[in-house]
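Q: pasted the sequence and its predicted model underneath.
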Amino acid sequence: MARRLLKLCRKRGIFFLIGADAALAAKIGADGVHWPARMAGTSRKWRGRFEIQTMSGHFGDNPSHFRPFPINAILFSAVFPSRSTSAEDPIGALRFRKLVAALPYPVYALGGVNPDNGLSIAKAAGLAAIDGWKCFGVQTDDEKG
């Protein structure tokens, strides 16, 4: 499955990251790895092996939780209220902007991002969405039929 997804991403010109499994990412030639925050220290072992490594941010708004790891970006959740079962209590736009300013990494907001709230953080961080892309009129291939 990972090889099929990689092929699709290559065809579309987008990065393909494997979650929490650097050995699999290396085996199939993925662009990188996305690390859960609890595993971010493992990124040191894989420094220089991938084009990109990212980590999740789920620790509230304390910048001291984000140690200097060899990562390229943080996907921080939840910024806004989200239907995701993994989303924690949202920190909101103001606290998120303050957090982003204190971090040494590019940050992408994830969790409840939609056209009504995305502009409130767009100058501070990138925007990431799963379900929220539907609000922007983006459909997956599955939804297109």
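A: Ah, there it is.
Q: so where do the strands sit in the protein?
A: Here the chain has its strands, by DSSP state E, at 17-19, 32-35, 52-57, 73-76, 107-109, 126-127.
Q: who's in contact with residue 92?
A: Contacts for residue 92 (CB atoms under 8 Å, 6 or more residues apart in numbering) come out as 79-80. Backbone N, C-alpha and C define where each C-beta goes, glycine included.
Q: how about residue 126, nearest residue that isn't a chain neighbour?
A: Nearest residue to residue 126 in three dimensions, chain neighbours excluded: residue 108, at 4.1 Å (CB to CB, 6 or more residues apart in numbering).
Q: neighbours around the one you found, how many?
A: As a burial measure, residue 108 scores 20 neighbours (other CB atoms under 10 Å).
Q: report the central residue of the chain.
A: Centroid-nearest residue in the chain: residue 75, 3.2 Å away (criterion: CA atoms, centre = their mean).
Q: if I read this right, that residue contacts residue 128, doesn't it?
A: Yes. Using CB atoms under 8 Å, residue 75 is in contact with residue 128, at 5.7 Å.
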